[in-house]
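Q: return a 3D structure for these sequence lines:
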Amino acid sequence: MHSNQITSPHIREYLRNNHTDLFPTHSRLCLPIIRRIYNKMQFGIRFSEIKVANNVIIDGHHRYISSLLSRYQIARVPGLLTSATQIDDWMNVEFDLKDWDAASRIKYLNQQDSAYNEIDIEIIKEINRIE
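A: As a prediction, this is how the structure comes out:
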C-alpha cells in the first residue's frame, strides 16, 4: 500500500477490524507524520522504542499506528503513567490532515533517522518523497 492511501477512514477501519493491545492518550494525531513514518518502516528504517505503561502509550502514538499499518515490530520500553494521563479510545482519536511538522523539523528527523540507521541522508529523503 502507498502511504497516500492511508486516510483517516482507512486507519479507523483497521483499528475497528484488528486487535490493538495498546490504548492512546492523545485525542489527535497527524496523518502526514503517520504517512512519513509508515514509508520509512516499509523500507526497514529502524525507530526508537515507544514508551508504554499498563498497555497505555505514553510516547510513540504515530510510530505505533504506523507500525500496525506496516506490520513493523516496534520495540517497547516502560513509561510513566501519571495521574494527569488521560486514557482514550482509538475510535475517538481524530487524524489531522494538516502537517504538524515544519520543513525544518522534517529535515532534522531525517538527519536523526540517517544517523540512527547509519545510512545516507539522501536515501531517507528519497523514502519521504515516495507517495
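
Q: now for residue 47: which residues touch it?
A: Applying CB atoms under 8 Å, 6 or more residues apart in numbering, we find residue 47 in contact with 37, 40-41, 63, 67, 72, 74, 113. No exception for glycine: its C-beta is placed from N, CA and C like everyone else's.

Q: hmm, try it at 6 Å
A: Contact analysis of residue 47 by CB atoms under 6 Å, 6 or more residues apart in numbering lists residue 63.

Q: look up how far residue 121 lies from it.
A: 16 Å (CB to CB, to the nearest Å).

Q: in three-state terms, label residue 52 for me.
A: Under DSSP: H, G, I helix; E, B strand; the rest coil, residue 52 falls in the strand class.

Q: burial count for residue 127?
A: Neighbourhood size, residue 127 [other CB atoms under 10 Å]: 20.

Q: just give the closest residue to residue 85, not the sequence neighbours.
A: Leaving out its chain neighbours, the residue that sits closest to residue 85 by CB to CB, 6 or more residues apart in numbering is residue 25, at 5.5 Å.

Q: just checking, the one you found touches residue 82?
A: No. Counting by CB atoms under 6 Å, residue 25 stays clear of residue 82, with 10.1 Å between them.

Q: these two: which has the busier surroundings?
A: Comparing residue 25 with residue 82 by other CB under 10 Å, the one with more neighbours is residue 25, at 18 against 8.

Q: name the SS class of the more buried one, please.
A: Strictly by three-state DSSP, residue 25 counts as coil.
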